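Asker: sequence first, predicted coordinates after that:
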Amino acid sequence: MSEKVKIGLLGLGTVGSGVYKVIKKFSDIEIKKIAVKNLNKKRNIEDINLDLLTDNGELLVNDPDIKVLVEVIGGIEPAFPLIKKAIENGKHIVTANKELIAKHGKELFELAKANNVVILYEAAVAGGIPIIMPLKLSLVANKIYRLAGILNGTTNFILTKMGNEFSEFTTVLKEAQELGYAEADPTSDVQGYDAAYKIAILASIIFNKRIDVKRIYREGIDKISPIDISYAAEFGYKIKLIALAQDDDSGRVDIRVHPMFVSKNQPLAHIDGVLNAVTIEGDTVGKVMFSGAGAGELPTASSVIADILSIVNEIGRTDYPLPMMRCQHSDDAEYLEIGNITSKYYIRLIANNSPGVIGNLGIICGKNNINLYSIIQKGILEDGCARIVLLTEKARESDIQTALNEIKSSSSIKEIENVIRVMD
């Protein structure tokens, strides 16, 4: 192309700053305008051209010279209305906004189709790890029947630190906030919302279905204790917050986010710190894994710039750019409810130190179709009670919940401290 393609940039935070720094390496694109919330904020950019800045995003979406709108502000407002208007004005979209795509992807993709523009969102899932384009292009020959990932660096950092130092969740969370790995309000990360948005996006691609993020079962990591991590290690596992998407023989999809015991024999168990990873199982390729930096200024900017260049290389060359990267589905998924899943389970409880307690636990499990793989009791606690840990073989979730309710009602049981599923 003879002249540079003009880019509009919504947001100049961590990711936006990375985009600004990296985009200067490319001679065929340039940023025409950057919309920010606060014009007076000090930027982490030495040579920032202040003339590019505006606090009016409408200027970007209505500028006919801007061909690609890049959104890196996150959240729903004002990103959603600005992107809608930009699409109506015929602009291609690159976004890193997982919440927006997970919650409003259906509307945005239909609008993009009507206006013959492309929405690319590689950076919305797993930061700098290329996963969207490989799923849509490189792995298209596969029926993908299972995808499991560590999709949130904050929770992975916390669980790794808890395991290495035998520290409590609240202590490590505070450290993560001080280091900038966790937000002042960490709810989206530690309660699994962030990972749920990301697995919703990935599931929509591998199943070729519309995914309702509200239907995804979700648990956070705030109940995980160093005691759980210690027992996991004893059994040969590590605890990770896993985002899982798989289908069953009936065509229903099983999509969930929750802590899991991951065998130390599996690669995901060794993804530590703030790193992310995604494992994919396909009928042709077998099992593959993508891993790397799931967030950060330059890794995420790498994915954003790649999307920009993919679009720029198509402008002026075709009337229908990037057909393989467009949304191809319109049917809604059918869901496997959490009560119908099968898994192995770790159960930690406090009981009276009295004869027959362990035998009674076995009886309750047995009559609810639950086989026990292992039972551990180590010594007596200071109050005279005993901590007992059960590890089950595969069982139906509904049977586990029925058994847990019966265990809770037993006079010899003081408390069920935690229940964690085991990844097979």
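Answerer: Sure thing, it's come through. Numbers count the residues shown, from 1 in each chain.
Asker: which stretches of the stretch 151-300 of the chain form helices?
Answerer: 153-165, 169-178, 187-190, 193-207, 226-235, 297-312 (DSSP state H, counting those that start in this stretch).
Asker: now the shortest one, how far from the centre of its chain.
Answerer: In other words, helix 187-190. Computed by Cα atoms, centre = their mean, to the nearest Å, the separation of helix 187-190 from the middle of its chain amounts to 11 Å.
Asker: other residues contacting that helix?
Answerer: 152, 154-155, 158, 173, 182-183, 193-194, 220-222 (Cβ atoms under 8 Å, 6 or more residues apart in numbering). The C-beta positions use only the backbone N, C-alpha and C, and glycine is treated the same way.
Asker: hang on, the earlier thing: and of the helices of the stretch 151-300 of the chain, who's closest to Glu88?
Answerer: helix 297-312 (17.4 Å; Cβ to Cβ).
Asker: can you give me how far that closest one is from the chain middle?
Answerer: For helix 297-312, the distance to the chain centre is 19 Å (Cα atoms, centre = their mean).
Asker: give me the below-cutoff pLDDT ranges for the stretch 1-150 of the chain.
Answerer: 1-2 (pLDDT under 70).
Asker: quick one, strands of it?
Answerer: All strands of the stretch 1-150 of the chain, identified by DSSP state E, counting those that start in this stretch, fall at 5-10, 29-35, 53-54, 66-71, 92-95, 119-120, 144-150.
Asker: what's the answer for the stretch 201-350 of the chain, then?
Answerer: Using DSSP E, counting those that start in this stretch, strands in the stretch 201-350 of the chain cover 217-218, 237-247, 253-263, 275-282, 286-293, 342-351.
Asker: run the chain-centre distance for the first one.
Answerer: Average the C-alpha atoms of strand 217-218, do the same for its chain, and the two points are 12 Å apart (Cα atoms, centre = their mean).
Asker: not counting that strand itself, show me its contacts.
Answerer: 191-193, 196, 255-258, 338.
Asker: what residues does Lys214 make contact with?
Answerer: Contacts of Lys214 (Cβ under 8 Å, 6+ apart): none.
Asker: on the three-state scheme, the residue of the chain most remote from its centre is what?
Answerer: Relative to the centre of the chain, the most outlying C-alpha is that of Pro355, 45.2 Å out, by Cα atoms, centre = their mean. Pro355 carries the three-state label coil when classified by DSSP: H, G, I helix; E, B strand; the rest coil.
Asker: and the gap between it and Ser412?
Answerer: Per Cβ to Cβ, to the nearest Å, Pro355 is found 10 Å from Ser412.
Asker: quick check: buried residues in stretch 222-230?
Answerer: 222, 224-226, 228-229 (16 or more other Cβ atoms under 10 Å).
Asker: also stretch 130-150?
Answerer: Buried residues in stretch 130-150 (16+ other Cβ under 10 Å): 130-136, 139, 142, 144, 147-150.
Asker: closest to Asn368 among the residues you listed?
Answerer: Proximity of the buried residues of stretch 130-150 to Asn368 was ranked by Cβ to Cβ; the top entry is Ala148 with 27.1 Å.
Asker: isn't the closest one right up against Leu268?
Answerer: Yes. Counting by Cβ atoms under 8 Å, Ala148 touches Leu268, with 6.7 Å between them.
Asker: what do those two both touch?
Answerer: 242, 279, 423.
Asker: hmm, the first one is touching Leu268, no?
Answerer: Yes. Counting by Cβ under 8 Å, Ile242 does reach Leu268; the two are 7.4 Å apart.
Asker: give me the common contacts of these two.
Answerer: In contact with both Ile242 and Leu268: 148-150, 262, 423, using Cβ under 8 Å, 6+ apart.
Asker: could you export the residues you listed as CSV, including distance to Ser204?
Answerer: Output for those, formatted as CSV (distance: Cβ to Cβ, whole Å):
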residue, distance to Ser204
Ala148, 16
Gly149, 15
Ile150, 19
Val262, 24
Met423, 22
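Asker: what's the closest of those to Val213?
Answerer: Gly149 (15.7 Å).
Asker: show me what contacts the closest one?
Answerer: 126, 198-199, 202, 242-243, 268, 276-279.
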